[in-house]
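Participant: take a look and give me a structure for this.
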Amino acid sequence: MSIIQLEPAFKDYIWGGTKLKEKYNKHTDLDIVAESWELSVHKDGASTVASGEYKGLSFPEYLEKKGKQVLGTDCEKFDRFPILIKFIDALQPLSIQVHPDNEYALRVEGEYGKTEMWYILDCEPDSFLYFGVNREITKEEFRKRIEDNTLLEVLKAVPVHKGDVFFIKAGTIHAIGAGIQICEIQQNSNTTYRVYDFGRVGKDGKPRELHIDKAIDVSNLSPIESDFKACGPESTDAGSRTVKLASCEYFTTYETTVDTKTTIHVDQSSFVSIIVIEGECTITNGDTVIQARKGDSIFADAGSGDVTIEGKCQFIKTCE
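Facilitator: The predicted structure follows:
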């Protein structure tokens, strides 16, 4: 049996705000917290073990010490940890961007591509994001619109609401809009091709790098249909309600609302990540007890057995 709490790696990208500190209990000396990487083994920002006998180790060091069996049998097909989970606070809109698929990313960048899922934690009234194109366009038109600053005219703008779910396959042009906080579950990759950045400059005073040729190579330029809601039916027990949010080769995610108590059985097939997004709870596994609150990240080794979550809270569960 083994559950641990994790501390994130923080990113102060120029478009970020302060709500992760103000509303999600993130503690850092950074003035801006654009992202907190809650479950990460990535070289660009690994999370850290914050509880138990392994406290102070990086999450990659924890996995190395415990062995690959803690990931579960469903992860044996991967040569590295398959996912990365973040909180994101967009005070300003993110750049218009796209992620490559595995074949292209491995060949060109030396790491996997990125398919991801967004869960809207909260948003300002009238917030929206970009999700694909609003009509079919050619690669030639795509390039021309990037060059003459008219790309936004052919992107699909989607209003967002708290609890909405967006499943974003590799190759989908997208951008999080201003005033939105999300929980992002994604492949373990940090490869992003930026195609339009609203004329902004970076901390060095220079325009941020664009990756136009690569973006043209990998972008899906046909409209994508989606209802932006959870993909599965709701199930209930005596103390909670659960709905499947999304599922793909790399992860399956669920949202659970706990009124009193619920129990997750973590078998040998997969690890389980628990990200608390509302309220407070006590998480128990054998003799291990963790007091968790909004913004906290818990990792359960595959084979941990029964993990009990007691309190009034909401959390996102992710497994392979």
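Participant: in the protein, which residue is most central in space?
Facilitator: residue 184 (1.8 Å; Cα atoms, centre = their mean).
Participant: looks like it contacts residue 118 (just checking).
Facilitator: Yes: under the criterion of Cβ atoms under 8 Å, residue 184 lies in contact with residue 118, with a separation of 5.5 Å. Using the backbone N, CA and C atoms, a C-beta is placed for each residue, glycine as well.
Participant: confidence score at residue 228?
Facilitator: As predicted, residue 228 sits at a pLDDT of 82.
Participant: wasn't it part of a strand?
Facilitator: No: counting by DSSP: H, G, I helix; E, B strand; the rest coil, residue 228 falls outside a strand, being coil.
Participant: OK, contacts around it?
Facilitator: Shown in contact with residue 228 (Cβ atoms under 8 Å, 6 or more residues apart in numbering): 158, 160, 164, 165, 166.
Participant: mind checking which of those residues are in strands?
Facilitator: 158, 165, 166 (DSSP state E).
Participant: out of those, who's the most crowded?
Facilitator: Within the ones in strands among the contacts of residue 228, residue 166 tops the neighbour count with 22 neighbours, counted by other Cβ atoms under 10 Å.
Participant: that one is in contact with residue 117, isn't it?
Facilitator: Yes: between residue 166 and residue 117 a contact is recorded at 6.9 Å, counting by Cβ under 8 Å.
Participant: mind listing residues that contact the helix or strand hosting residue 106?
Facilitator: Following DSSP states H and E, one finds residue 106 within helix 102-108. For helix 102-108, contacts defined as Cβ under 8 Å, 6+ apart pick out 99, 100, 111, 112, 113, 114, 170, 189, 191, 214, 217, 218.
Participant: switch these over to TSV; also include pLDDT.
Facilitator: Listed next are these as TSV, based on pLDDT from 0 to 100:
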residue	pLDDT
99	98
100	98
111	93
112	93
113	95
114	97
170	96
189	96
191	96
214	98
217	98
218	98
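Participant: low pLDDT regions in this structure?
Facilitator: Across the chain, the ranges flagged by pLDDT under 70 are 1.
Participant: if we can go back for a sec, out of the contacts of helix 102-108, flag the one nearest to residue 176.
Facilitator: Checking these against residue 176 with Cβ to Cβ, the nearest one is residue 99 at 13.3 Å.
Participant: mind checking the SS state of the closest residue in space to the closest one that isn't next to it in sequence?
Facilitator: Leaving aside its sequence neighbours, residue 99 sits nearest to residue 114 (Cβ to Cβ, 6 or more residues apart in numbering; 3.7 Å). Three-state assignment for residue 114 (three-state DSSP): coil.
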